[in-house]
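*Asks:* here are the coordinates; sequence isn't available:
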């Protein structure tokens with residue numbers, strides 16, 4: 001099962017996709033648009049990627065404030081979630097994305113990416129951090145469930 005991670009911004013959407021086993025996230029692309037509310041082409045591109053990669057679930061970054069409040073950007077992300085759900089019918093998980101852009105910037109700097117090139121990649125890398133965080137949590141919980149579950153005699 002493949003998952004898609006999205007970092008939704010005012011003029012771009014960073015996209016990441018999990019591997020088929022749902023273990024790792026890889027950057028795919030940054031979808032740009034000229035105006036914040038012009039989302040038709042953005043949604044169409046996301047739908048194309050969903051079909052191409054056979055995505056079954058979307059993990060969308062949820063930009064809460066540091067004090068855990070929900071501001072204007074988080075409200076816009078919720079509206080985007082609702083629109084994507086109507087268009088795709090897929091489950092969409094909201095994932096706390098606080099500091100993912102800071103992490104992405106740091107990663108690009110440490111990787112030696114030039115300042116002028118970072119802008120092209122930062123949203124994709126943020127989408128990777130969003131999706132990888134979710135994947136890691138799912139695998140930790142999944143492993144705990146199976147480690148704690150008793151094996152009954154009749155399930156051999």
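*Replies:* The structure has been received and is ready for your questions. The structure presented is a predicted model; accordingly, all values stated were derived computationally and were not measured.
*Asks:* what's the spacing between stretch 56-75 and its chain's center?
*Replies:* Between the centre of stretch 56-75 and the centre of its chain there are 11 Å (C-alpha atoms, centre = their mean, to the nearest Å).
*Asks:* oops, could you answer that again for stretch 67-87 instead?
*Replies:* 13 Å.
*Asks:* so where's this protein uncertain?
*Replies:* 98-109, 111-113, 116-120, 142-156 (pLDDT under 70).
*Asks:* how about the helices in it?
*Replies:* Using DSSP state H, the helices assigned to the chain run over residues 40-53, 72-88, 100-110, 115-148.
*Asks:* and residue 21, which of the ones you listed is closest to it?
*Replies:* Shortest distance between residue 21 and these, using C-beta to C-beta, is found for helix 115-148: 9.7 Å. Just so you know, the C-beta spots here come from the backbone N, C-alpha and C atoms, and that holds for glycine as well.
*Asks:* nearest to residue 25, out of the helices of the chain?
*Replies:* Nearest to residue 25, of these and by C-beta to C-beta, is helix 115-148 at 3.8 Å.
*Asks:* for residue 42, give me its contacts.
*Replies:* Contacts for residue 42 (C-beta atoms under 8 Å, 6 or more residues apart in numbering) come out as 13, 31, 33.
*Asks:* thinking again about what came up before, make CSV out of the helices of the chain and add distance to residue 8.
*Replies:* Converted to CSV, the helices of the chain look like this (distance: least, C-beta to C-beta, whole Å):
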stretch, distance to residue 8
helix 40-53, 9
helix 72-88, 5
helix 100-110, 12
helix 115-148, 9
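*Asks:* any idea how far the closest residue to residue 81 other than its chain neighbours lies from residue 115?
*Replies:* In this structure, residue 81 finds its nearest non-sequential neighbour in residue 92, 4.9 Å apart by C-beta to C-beta, 6 or more residues apart in numbering. Counting by C-beta to C-beta, to the nearest Å, the gap from residue 92 to residue 115 is 33 Å.
*Asks:* what's the closest of the contacts of residue 42 to residue 85?
*Replies:* residue 13 (15.3 Å).
*Asks:* and that closest one, what are its bridge partners?
*Replies:* Beta bridges link residue 13 to residue 8, residue 31, judged by DSSP bridges.
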